[in-house]
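Peer 1: below is the sequence, then the predicted model.
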Amino acid sequence: MITVEHVTKRYGEYTAVDDVSFVARSGRVTGFLGPNGAGKSTTMRIMVGLTPPTTGEVQVDGRHYRDLANPGRQIGVLLDASAQHAGRTGREILTIGTETMGLPRTKVDQLLERVSLSADESRRRLRDYSLGMRQRLGIAHALLGDPSILILDEPANGLDPAGIHWMRGLLRDYAAGGGTVLLSSHLLHEVERIADDLVLIGRGRIVAQGTKEELLQPRGSFVRAERHRDLALALETAGICTSVSGQGLRSDAAPRQVGAVAAAHGIPLDELRPAEGAGLEDLFLQLTADTQREGVAA
Ligand SMILES: Nc1ncnc2c1ncn2[C@@H]1O[C@H](COP(=O)(O)OP(=O)(O)OP(=O)(O)O)[C@@H](O)[C@H]1O
């Protein structure tokens, strides 16, 4: 479990992370989502002691990262797949990992196989790796010490569709075995498929968090009636704001509430249903509308 408590990071006058709190639970995949520059990487760097927070703290399984004697055995980290010595081969990078963590050398071949890097590829230098191969090697490195927590910054970056499918299976299995997975991504559809819980961040602030089901639950209702104007007026009088949507009206109120108002005013309805689920992308755009660089309206 990762517990982030009131973490703030300021660079001079600029606040990159603003009072961020959330929990990534064990046995679950938590997706950390946000537009460019939202503060995801900074928060992850704070988690693993690479950046000191201005205020607040992060605990991993109840302890601070800096207090872990052999952190790689508890937390697997992939923040930047290219942040390894470019002149070393993949095999060398993993071998150094086994040595610093006190693991048997046999782990190297096990992990290479697990991330589908061939013996030939493992002998190439990192500078000659494609981005996808670097990601695979980075994931292998993160998994080396059989940690109970994985912190991955944009792990799908550079992976081809088969690679993304593979990674999804790997991380789901990992969480099914009780592990904690926190992954950041811009690939909203990918996260929608893999995550159990979601944390959305915009301009350093958390804008929404909860289970995927909670956040993607359809909100509000769609209603259609011949006496369209009467219905809109009745709903407005009942304190329910509506907007015109196609042939009907959309509102944030539940269908039951809308139905009750229509019944009270004797307005026959042609259609009444929950509004379609927004989908993560819509939700993401809505919640970060004022933080999007492109000013994307919901
Ligand atoms: N060392 C630093 N000095 C000054 N500003 C910084 C520093 N590190 C990060 N920032 C700023 O903090 C903000 C958050 O950056 P961060 O890398 O955490 O965003 P991100 O959500 O990971 O973005 P992306 O998805 O583009 O990788 C950015 O505006 C960035 O320029």
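Peer 2: Looks like it came in fine.
Peer 1: in terms of helices and strands, where is the residue nearest to the spatial centre of the chain?
Peer 2: With distances taken as C-alpha atoms, centre = their mean, residue 31 lies nearest the centre of the chain, 1.9 Å away. Using DSSP states H and E, residue 31 maps to strand 29-33.
Peer 1: what are the pairing partners of that strand, and which direction each?
Peer 2: When pairing is defined by DSSP bridges, strand 29-33 lines up against strand 180-185 (parallel), strand 197-202 (parallel).
Peer 1: identify the bridge partners of the residue nearest to the centre of the chain.
Peer 2: Residue 31 has the following beta-bridge partners by DSSP bridges: residue 183, residue 198.
Peer 1: measure it to residue 265 for me?
Peer 2: The spacing between residue 31 and residue 265, counted by C-beta to C-beta, to the nearest Å, is 43 Å. Just so you know, the C-beta spots here come from the backbone N, C-alpha and C atoms, and that holds for glycine as well.
Peer 1: and if you look at residue 183?
Peer 2: Applying C-beta to C-beta, one obtains 50 Å for the distance of residue 183 from residue 265.
Peer 1: what about those two, which has more around it?
Peer 2: residue 183 (27 against 15; other C-beta atoms under 10 Å).
Peer 1: residue 207 against residue 198, yeah?
Peer 2: No - here residue 207 lies out of contact with residue 198, judged by C-beta atoms under 8 Å, at a distance of 10.7 Å.
Peer 1: which one's more surrounded, those two?
Peer 2: Between residue 207 and residue 198, counted using other C-beta under 10 Å, residue 198 has the larger neighbour count: 25 against 20.
Peer 1: give the contact list for the more buried one.
Peer 2: Counting by C-beta atoms under 8 Å, 6 or more residues apart in numbering, residue 198 makes contact with 30-31, 33, 191, 208-212, 215, 280.
Peer 1: got the phi and psi for residue 76?
Peer 2: Backbone geometry at residue 76, expressed as degrees, to the nearest 10, gives phi -90, psi 130.
Peer 1: what's the closest non-adjacent residue to it?
Peer 2: Computed as C-beta to C-beta, 6 or more residues apart in numbering, the closest residue to residue 76 that is not its neighbour in sequence is residue 142, at 3.3 Å.
Peer 1: ok so, going back, correct me if wrong: the residue nearest to the centre of the chain contacts residue 193.
Peer 2: No - the pair residue 31 and residue 193 fails to qualify as a contact (C-beta under 8 Å) at a distance of 9.8 Å.
Peer 1: ok, longest helix in the chain?
Peer 2: The residue-count maximum for a helix in the chain (DSSP state H) belongs to helix 161-176.
Peer 1: before we move on, the earlier item: of the contacts of residue 198, grab the buried ones for ChimeraX.
Peer 2: Of the contacts of residue 198, the buried ones go into a single ChimeraX selection, burial set by 16 or more other C-beta atoms under 10 Å:
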select :30,31,33,191,208,209,212,215,280
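Peer 1: lowest-confidence one in the contacts of residue 198?
Peer 2: Lowest pLDDT of those: residue 280, 63.
Peer 1: quick one, strands of the chain?
Peer 2: Using DSSP state E, the strands of the chain run over residues 2-11, 14-24, 29-33, 55-60, 75-78, 149-153, 180-185, 197-202, 205-211, 221-224, 242-245, 248-251, 271-274.
Peer 1: weakest of these in terms of mean pLDDT?
Peer 2: Within the strands of the chain, confidence is poorest for strand 242-245, with a mean of 85 (mean pLDDT).
Peer 1: now it, how far from the chain's geometric center?
Peer 2: Put simply, strand 242-245 sits 32 Å off its chain's centre (C-alpha atoms, centre = their mean, to the nearest Å).
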